[in-house]
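S.K.: starting from these lines, generate the structure:
(chains A, B and C)
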Amino acid sequence: MGNCCERLGPQKNTYVRVSLPAVCFVWQIAMIILFGVFIRYDKESDAHWAEYKVKNNLTDKDNDFYFRYPSFQDVHVMIFVGFGFLMTFLKRYSYGGVGFNFLIASFGLQWALLMQGWFHSLDLTTGKISIGIESLINADFCCAGSLIAFGALLGKVSPVQLMVVTLFGVTLFAVEEYIILDLLHCRDAGGSMVIHCFGGYYGLAISWVLYRPNLHQSKRLHGSIYHSDLFAMIGTLFLWMFWPSFNSAITDHGDGQHRAVINTYIALASSVLTAFAISSMSQKRGKVDMVHIQNATLAGAVAMGTAAEFMITPYGSLIVGFCMGIISTFGYLFVTPFLEKTLKLQDTCGVHNLHAVPGMLGGFIGAIVAATATEEVYSKEGLINTFDKEGKYANRDMGTQGGFQAAGTCVSIAFGLIGGAIVGFILKFPIWGDPADDHCFDDEAYWELPEEEEETLPPVLEYNNHMIHKGQDITESSFSVDQS
Amino acid sequence: MGNCCERLGPQKNTYVRVSLPAVCFVWQIAMIILFGVFIRYDKESDAHWAEYKVKNNLTDKDNDFYFRYPSFQDVHVMIFVGFGFLMTFLKRYSYGGVGFNFLIASFGLQWALLMQGWFHSLDLTTGKISIGIESLINADFCCAGSLIAFGALLGKVSPVQLMVVTLFGVTLFAVEEYIILDLLHCRDAGGSMVIHCFGGYYGLAISWVLYRPNLHQSKRLHGSIYHSDLFAMIGTLFLWMFWPSFNSAITDHGDGQHRAVINTYIALASSVLTAFAISSMSQKRGKVDMVHIQNATLAGAVAMGTAAEFMITPYGSLIVGFCMGIISTFGYLFVTPFLEKTLKLQDTCGVHNLHAVPGMLGGFIGAIVAATATEEVYSKEGLINTFDKEGKYANRDMGTQGGFQAAGTCVSIAFGLIGGAIVGFILKFPIWGDPADDHCFDDEAYWELPEEEEETLPPVLEYNNHMIHKGQDITESSFSVDQS
Amino acid sequence: MGNCCERLGPQKNTYVRVSLPAVCFVWQIAMIILFGVFIRYDKESDAHWAEYKVKNNLTDKDNDFYFRYPSFQDVHVMIFVGFGFLMTFLKRYSYGGVGFNFLIASFGLQWALLMQGWFHSLDLTTGKISIGIESLINADFCCAGSLIAFGALLGKVSPVQLMVVTLFGVTLFAVEEYIILDLLHCRDAGGSMVIHCFGGYYGLAISWVLYRPNLHQSKRLHGSIYHSDLFAMIGTLFLWMFWPSFNSAITDHGDGQHRAVINTYIALASSVLTAFAISSMSQKRGKVDMVHIQNATLAGAVAMGTAAEFMITPYGSLIVGFCMGIISTFGYLFVTPFLEKTLKLQDTCGVHNLHAVPGMLGGFIGAIVAATATEEVYSKEGLINTFDKEGKYANRDMGTQGGFQAAGTCVSIAFGLIGGAIVGFILKFPIWGDPADDHCFDDEAYWELPEEEEETLPPVLEYNNHMIHKGQDITESSFSVDQS
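M.R.: Sure thing, here's the model as predicted:
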């Protein structure tokens, strides 16, 4: 069958039977060894807690587990179902979307426990890293940066390349996070800067280096079908619903966590309305576009990542969501096509509009809100608490804090762009099994597909033998062939 | 293709390119202004908490956030994924089901924060409304009323009309809730009365006014396909699983919340068995109908909305679930067709059987359980606690309380019917862009659909041009047939 | 159409119009009566809590509800969405997968509350069972055993048979659990032994007795299609994400629960990498198989069910996940086909590889970790706490404990195999309405399917009128057109 040859022919470079298992095994074994050397339970998850709690006059119910775990599970759902299903929108790359997301996040979170541990919780006397529930949340966060980058690359790279993207992505993340949060002493609870801005530009830079001039050869697969868009809505909604948990998961307990939820919740609601509005305005008949609903509705939460725990006020959150819904939808309408034409930048999921720009703006919004914070609004204790004004940072005035927040945003952009460019060049080596230009966005390359592809391949052909005849008289043109 | 003309022709009245963006923008801007004037953080989410907690000898972990947030997230999932995906069951209106649900809930929750704030938590000295996590739960609840109404209207109205339904729905909700909970001092933790009974009758009344005698012209689209029913099951299951959180989310802390979960959990389990039983009995060969499984399995929880926090006893909950599974399934089998034929009432999702009737019955069940409550069963403190017998209500005897509960149910029905009728007449103005009778239940009207509709349109035609030819030469055998 | 006759003909034995409603009604009424006689609220969910808490100097926020409910909801999602959607992978049995799972879990949890209550929390003075949030978690766990068995039987049995499987499954579960946890005093927080090992062998034994030599007649339906595999991924991911809650839901509060989460989380991550690796290695071109990704990625958590709360160390968890991903994927590749050919054992979902073997290994891993536990690692208090070394077990040394753990695993296997064989013979009576060999894996047998089966039946036929002409020549008339 011609159709068969067409499928097998140009795939020869997608052979990953050696490289994919090799990467998975070697890196997983490395993880086991490094975990053996470095990773231990922290005091709240170690069996010694039974004695620790008595000594410190605590009960089991004071274990921080109970105050972080619900948020952790929401974040976990966002990483695996949220990001995973959001990337199922392509008609023939849904397995790749959800499956490779699953693979790289599972690797990424292990590597993140190590990288973040070395930078943040390495006990220098024992040489050990202690992990607890907060480490798990941070590990999930750390993966998110690489998953965002995956969005820009969706359908154009091999799973082995994605593993490389994740290895470097997590490494770069841990370094820039250390610089921004520890050295610059920025606040970034929901990661506008460290997660979204970094992840977005990281993915864009890789994609720019990997530019494929002949990607139009895969155009037939570069779109959605009715049900793939519905699967993507599962991802969108779980991201949307649980984003208040994302932005609040690692804030200070108490009012900070409470406020971050409220601010994110209402910013998101506001984004939905403006995304619908711009989407409808942009079409002749006022029809809404699923691409915008799946993505731009989330932009408000991305931009609240830094400011959510601040006293940005409820109406301030609404305004942020309002603007982001507009900016992000405009991005999908005009900027993505522009980037592709002019800058030779192919961005499959439009992470530029959902993560890079809203993340960057979120960093600057956070800087402004921080710079204008006053004791009157926060109370004396509240200001210290919210901005962690302790130790050598006790006397940093709020304007300076705002300046550092802005500087942090620039650091994350720089890390994303430079790191991404380097990783992009590494991925250009012809050893990674990436698909040819005419086989992008095709699960056929890396997945065993069900034999009966009744849904998307011409069903008449495949259904059963006596069907094939009828296919022919459906259009007039068939006549000529009949005659041949 | 004729099919193309047929699609474009009668759509002219679904033009929403001006009205939808206008409504979204204007109302969202109004929200920003009103939030600016009225909405502030409450004491547990304001940065002053840092000082408040010290003064009151509290710790951050006493913040009510930690005792409401897991329930909030479950409710949030019910509103957006539960209701949203439940409404994807139509073969060609799944975008509208999940998408418009997303839009109107996002608007509704903002408006609900204001409306409920004005009625329940307006500080008369400062003129401000304080919001915290409980406000967010209540806002989600308040939306639910309008989303139920959406169920009755599904596929027959424009998104602009749905925004109007939500605007008035939330407004009416806040008023009837104020009357029922505050003036009549009823208990209604899970909203049998204020949410389901009101929402159901509100939607039915609107649908009755908007009766379309020629709706049969859309009959081809008024049904499900295999995968659309599976998407709907996502909605059903998330509603079913999280309904214990719904009924317990705003009850008193402690035993009330604990008991509401248990009662709802077992009532739901019981509904599933009787829904399956009646569904199977109603078909010649005992086959089960997905419509019943998707809906009637939930009826037990609706009817437990009021009584869940009372001492209805575990077997009492089982009996409620048992009866509701039967009543609701019978409703889908006989009452919905009867209403359509006799009362000219078109109810797309059958909200009559899932919300209106179980909600009303739930109100009366609550009245009976309240009227029969005794100190023996509840303990003295328990009775005061459960029925909030404080202040001027301290001496209201339980029989009277039962009477008020029943009166509250009647109030919610009246608000639903009268409010719905008025809103229905407003929606009859020919300015809202609603679809013609032969284009109901069709996403084509309001959504940009993927160009290749491989799944439901004749795939051979649309796949791509050169496919059709190949189709023919794919197997050799076609030749022989051509010749025959 | 011949296709029509083919569908109706051999179904005559799938008539369940009497038996299914009868079973549902009678058993549900029995539940109501038994609940009425036995089940009461426990002290934390009874209204007397209002007085109890004052007496015991507690606050509402000390109610155990707040420390179990988030885990409960995660487990609940696993049971209904996780197991349910995991079983939608068959192209034409998705309704049965998710729908019958819903039915039998809803019955099973009620029966489990009773059975587990009689064995574990029956107050002998009052003759009552007290239930609270922990009982609900245990009831969900108890269902899981029968749902695992369902996986082996998927598509080959009637819903009435499934109810019987659940009735006996829950009964056997409660007995073996009592023996293992109470008499042998084993620890098994996540149920490697009592849930997975038992459930797996129970299902395999039933399936072995019900062997169908002519099952190949249903071969056309025994596989997935593109979108059914995506639905199954919803199940996989919710199981995967929430398994840390499953393994920790009923552990001791404090460090045990905290540690169980961490261990399960990292074991799962490790399984994903090795499942991908082996899956890719097993195919000529290195393509990954969805069957492995949907199932083997979970095996690490099954095997951590017993040891998760122990001090197995983070790298120990990684090693368990590493090995289980390999073993489970090999199982799908080689053992399932071998079992079918050699042992005449048909295992639709491969529960052998996901539950039986990893569960059994998990039991032995737990035994080893228990046997090697020392006071040095756990602290004195921690050891007592973790292994519940109280009362007559205070002096049991750890080696003995390990021996008992291993014995417990054997008990669960024995209960599964023997119980399953007996239930299998009961199910062989020709009264249960099970499908003929050529109608297995077909929702047509027990579900009203949408009339327009546009997706899997020839779509050209059904779409609209002028299409039908072509459809017509499919049968007899096709001749004339071919000739034209």
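S.K.: could you measure from residue A:31 over to chain C?
M.R.: 6 Å (Cβ to the nearest Cβ, to the nearest Å). For glycine as for every other residue, the C-beta is placed from the backbone atoms N, C-alpha and C.
S.K.: ok, and what's touching stretch A:406-424?
M.R.: A:149, A:164-165, A:168-169, A:172, A:175-176, A:179-180, A:184, A:186, A:188, A:192-194, A:197-210, A:356, A:359-360, A:363-364, A:367 (Cβ atoms under 8 Å, 6 or more residues apart in numbering or on different chains).
S.K.: ok, 7 Å please
M.R.: With contact meaning Cβ atoms under 7 Å, 6 or more residues apart in numbering or on different chains, stretch A:406-424 is reached by A:164-165, A:168, A:172, A:176, A:179-180, A:184, A:186, A:188, A:193-194, A:197-198, A:200-206, A:208-210, A:360, A:363-364, A:367.
S.K.: buried residues of that stretch, list them for me.
M.R.: Within stretch A:406-424, the residues scored as buried using 16 or more other Cβ atoms under 10 Å in any protein chain shown are A:406-409, A:411-413, A:415-417, A:419-421, A:423-424.
S.K.: quick one: which of those sit in strands?
M.R.: Residues of the buried residues of stretch A:406-424 located in strands (DSSP state E): none.
S.K.: now, which of the residues you listed sits nearest residue A:267?
M.R.: residue A:409 (18.2 Å; Cβ to Cβ).
S.K.: distance of the closest one relative to residue A:188?
M.R.: 9 Å (Cβ to Cβ, to the nearest Å).
S.K.: which residue does the stretch 301-450 of chain A bring closest to chain B?
M.R.: Using Cβ to the nearest Cβ, the closest approach of the stretch 301-450 of chain A to chain B is made by residue A:382 at 3.2 Å.
S.K.: tell me the SS of that residue?
M.R.: Three-state assignment for residue A:382 (DSSP: H, G, I helix; E, B strand; the rest coil): helix.
S.K.: helix/strand/coil for the spatially closest residue to it that is not a sequence neighbour?
M.R.: Among residues not flanking residue A:382 along the chain, residue B:47 sits closest, at 3.2 Å (Cβ to Cβ, 6 or more residues apart in numbering or on different chains). Assigned with three-state DSSP, residue B:47 falls in the coil class.
S.K.: same thing with residue A:40?
M.R.: Classification of residue A:40 using three-state DSSP returns strand.
S.K.: bridging residues for it?
M.R.: Beta-bridge partners recorded for residue A:40 (DSSP bridges): residue A:130.
S.K.: distance check, it against residue A:123.
M.R.: From residue A:40 over to residue A:123 (counting by Cβ to Cβ), the distance is 9 Å.
S.K.: hey, what's in contact with both of these two?
M.R.: Taking Cβ under 7 Å, 6+ apart as the criterion, residue A:40 and residue A:123 both touch residue A:130.
S.K.: which one of the two is surrounded by more residues?
M.R.: Taking other Cβ atoms under 10 Å in any protein chain shown, residue A:40 and residue A:123 do not tie; residue A:40 has more neighbours (18 against 12).
S.K.: ok, the more buried one - contacts?
M.R.: Counting by Cβ under 7 Å, 6+ apart, residue A:40 touches A:128, A:129, A:130.
S.K.: walk me through the domains of chain A.
M.R.: For chain A, the structural domains run A:15-445, A:452-484, going by automatic domain parsing.
S.K.: about what we covered before: out of the contacts of residue A:40, which comes closest to residue A:51?
M.R.: Proximity of the contacts of residue A:40 to residue A:51 (Cβ to Cβ) peaks at residue A:130, which lies at 16.6 Å.
S.K.: pLDDT wise, what is that closest one at?
M.R.: At residue A:130, the pLDDT value in this model is 96.
S.K.: ok, it - contacts?
M.R.: Contacts of residue A:130 (Cβ under 7 Å, 6+ apart): A:40, A:41, A:42, A:121, A:123.
S.K.: close to chain C, is stretch A:64-81?
M.R.: Yes. Using Cβ under 7 Å from any Cβ of the partner chain, stretch A:64-81 reaches chain C at A:65, A:66, A:69, A:70, A:73, A:76, A:77, A:80, A:81.
S.K.: just the buried subset of those residues, written out for PyMOL, thanks.
M.R.: Those of these that count as buried under 16+ other Cβ under 10 Å are selected in PyMOL with:
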select buried, chain A and resi 65+66+69+70+73+76+77+80+81
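S.K.: of the residues of stretch A:64-81 next to chain C, which belong to helices?
M.R.: With helices taken from DSSP state H, the overlap with the residues of stretch A:64-81 next to chain C comprises A:65, A:66, A:69, A:70, A:73, A:76, A:77.
S.K.: surely the fifth one touches residue C:73?
M.R.: No. No contact is recorded between residue A:73 and residue C:73 when judged using Cβ atoms under 7 Å, the distance being 9.0 Å.
S.K.: closest to residue A:322 out of the contacts of residue A:130?
M.R.: Closest approach between the contacts of residue A:130 and residue A:322, by Cβ to Cβ: residue A:121, at 38.8 Å.
S.K.: distance of that closest one from residue A:63?
M.R.: With Cβ to Cβ as the criterion, residue A:121 and residue A:63 are 18 Å apart.
S.K.: neighbour count winner among these two?
M.R.: residue A:63 (25 against 17).
S.K.: pretty sure that one is touching residue C:252, no?
M.R.: No. Residue A:63 is not in contact with residue C:252 according to Cβ under 7 Å; the separation is 10.7 Å.
S.K.: ranges for the strands of the stretch 101-250 of chain A?
M.R.: A:122-123, A:128-131 (DSSP state E, counting those that start in this stretch).
S.K.: I should have written the stretch 251-400 of chain A there, sorry.
M.R.: Along the stretch 251-400 of chain A, the segments classed as strands by DSSP E, counting those that start in this stretch run A:288-289.
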